[in-house]
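>>> Take a look and give me a structure for this.
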Amino acid sequence: MHDNLIVIDGLQYSNWNRAIFEQLKSGGVTMVHVTIVYHEQIRETLLRIGQWNRLFELHHDLIMPVKSTADIYLAKKLGKVGIMFGAQNCSAIEDDIAMIEIMRELNLMIMQLTYNNQSLLACGCYEAVDSGVTRFGQQVIKEMNRVGMIVDMSHSGERSTLDAIEISQRPIVISHANPSNFHAAKRNKSDEVLKALGESGGLLGFSLYPFHLKNGPDCTLDEFCDMVANTADLMGIDHIGIGTDLCQEQPISILQWMRNGRWSKEMDYGEGSKSDADWPKPLSWFKDSRDFPNITQGLQARGFHDEEVAKIMGLNWLNFLDQGLQAQKV
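Residues are numbered from 1 along each chain as shown. Reported below is the predicted structural model:
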């Protein structure tokens, strides 16, 4: 069954090379939302896009850019892996709302309003007090809605996420997180948030990053699929997908950049600790993208029907993107 599915991974930030692209293809992945920037600003974002353009040239037989959902279907037909650009922070627009339309024209399809900290737009999940979406953030959400850029609140605080769901005229996404009732990580989301997300037509991408899972690297496939089933009951089967948060072959310096950016002189360990500061050990049943069929099989074993498995593995993402990426008609 897996080979016939449209499989979408709602987020990866790997050290991209041909071997990793081949793993994606081997795992039956049709499209992956790739993080191109975290704390990088406008010029650095443009450089990342330029680097990706070179990757498309060098590996055109394996990967292709995704500029619309039609390209996802085309990738499936051609047997290639579609690549969709996203940003895990709002640094790519700096303090200029005009950059949203420009970045969207350069195929930046998804943007988080904040990455763990308070930003110009909203509050991150690591702040002691969540002040919610800011005045600038309200205008940015409106503009993102207008141009067809997806609002992502994966690293945002509780109030900010609920604010974004309410403010946005279009459904938002939490591309890579899990329910806090499964594992009480700061990055995971409350039942209140998930209910509001589902009721508004939004989407949750389940994370396979061990820090987001019960028992960490020892979380079993059965436990993961139980979490999926319970969340389907909470949100509805049409509002869940996969967002692995896979970070392959990245050096520790990248993890430190993600956690610290340029904002701190002191080392911040994020979801880790001083004694556990490195990348977490991978799951035994999901070491890299070649293991995507394990998720399909696990969902089937859990009792999901084939149509439900197809939705979770990619069709829900596809339907969500089909609506959210279209510019609003004037």
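>>> Which stretches in the stretch 101-250 of the chain count as strands?
108-112, 150-152, 173-177, 203-206, 240-242 (DSSP state E, counting those that start in this stretch).
>>> could you dump those to CSV with mean neighbour count, mean pLDDT and distance to residue 28?
C-beta: built from backbone N, CA, C; applies to glycine. Output for the strands of the stretch 101-250 of the chain, formatted as CSV (neighbours: other C-beta atoms under 10 Å; pLDDT from 0 to 100; distance: least, C-beta to C-beta, whole Å):
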stretch, mean neighbour count, mean pLDDT, distance to residue 28
strand 108-112, 25, 98, 22
strand 150-152, 28, 98, 24
strand 173-177, 29, 98, 19
strand 203-206, 27, 98, 17
strand 240-242, 25, 98, 12
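>>> For those, give me CSV that also has distance to residue 275.
Shown next, in CSV, are the strands of the stretch 101-250 of the chain (distance: least, C-beta to C-beta, whole Å):
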stretch, distance to residue 275
strand 108-112, 29
strand 150-152, 31
strand 173-177, 25
strand 203-206, 28
strand 240-242, 30
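>>> Quick one: closest of those strands to residue 249.
Among the strands of the stretch 101-250 of the chain, strand 173-177 comes nearest to residue 249, with 18.4 Å by C-beta to C-beta.
>>> what is the orientation angle of that closest one with strand 108-112?
With axes from the mean of the first three to the mean of the last three C-alpha atoms, to 10 degrees as the basis, strand 173-177 and strand 108-112 are set at 70 degrees to each other.
>>> Does anything pack onto strand 173-177? Which helices or strands?
Applying 3 or more C-beta pairs under 8 Å, 6 or more residues apart in numbering; DSSP states H and E, one finds that strand 173-177 contacts strand 8-12, strand 150-152, strand 203-206.
>>> would you list those in a markdown table and tack on distance to residue 125?
Compiled in a markdown table, those are given as follows (distance: least, C-beta to C-beta, whole Å):
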| stretch | distance to residue 125 |
| --- | --- |
| strand 8-12 | 16 |
| strand 150-152 | 13 |
| strand 203-206 | 15 |
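>>> Over to residue 86: give its phi and psi.
phi -150, psi 160 (degrees, to the nearest 10).
>>> Verify the contact between it and residue 104 for me.
No: here residue 86 does not reach residue 104: they are 11.6 Å apart, not a contact under C-beta atoms under 8 Å.
>>> All the helices of the stretch 1-150 of the chain, in order from the start?
According to DSSP state H, counting those that start in this stretch, the stretch 1-150 of the chain carries its helices in the segments 18-26, 42-58, 69-78, 98-105, 135-147.
>>> do you know how far the closest residue to residue 49 other than its chain neighbours is from residue 85?
In this structure, residue 49 finds its nearest non-sequential neighbour in residue 106, 5.7 Å apart by C-beta to C-beta, 6 or more residues apart in numbering. The spacing between residue 106 and residue 85, counted by C-beta to C-beta, to the nearest Å, is 8 Å.
>>> which strands and helices sit next to the worst-scoring helix or strand of the chain on mean pLDDT?
Ranking every helix and strand in the chain by mean pLDDT, DSSP states H and E puts helix 252-260 at the bottom, with a mean of 86. The helices and strands touching helix 252-260, judged by 3+ C-beta pairs under 8 Å, 6+ apart, number zero.
>>> Downstream of it, the next helix or strand is which one?
helix 292-302 (DSSP states H and E).
>>> Next, work out how far apart residue 129 and residue 232 are.
Distance from residue 129 to residue 232, by C-beta to C-beta: 33 Å.
>>> The least confident helix or strand of the chain: which residues count as buried?
254, 255, 258, 259, 260 (16 or more other C-beta atoms under 10 Å).
>>> among those, which two are most distant?
254 and 260 (11.0 Å).
>>> any residues touching stretch 165-172, and which ones?
133, 138, 141-142, 144-145, 150-153, 164, 193, 196-197, 200-203, 320, 323-324 (C-beta atoms under 8 Å, 6 or more residues apart in numbering).
>>> what do you get for stretch 7-15?
20, 24, 27-35, 72, 86, 88, 154, 173, 175-176, 203, 205, 241-251, 254, 258, 289, 292, 313-314, 317-318.
>>> which of those count as buried?
20, 24, 27-35, 72, 86, 88, 154, 173, 175-176, 203, 205, 241-248, 254, 258, 289, 292, 313-314, 317-318.
>>> hmm, back to that, of residue 129 and residue 232, give the one with the bigger neighbour count.
Ranked by neighbour count (other C-beta atoms under 10 Å), residue 129 and residue 232 place residue 232 first, with 20 against 9.
>>> Verify the stated contact: the more buried one with residue 238.
No: between residue 232 and residue 238 there is no contact under C-beta under 8 Å: 9.2 Å.
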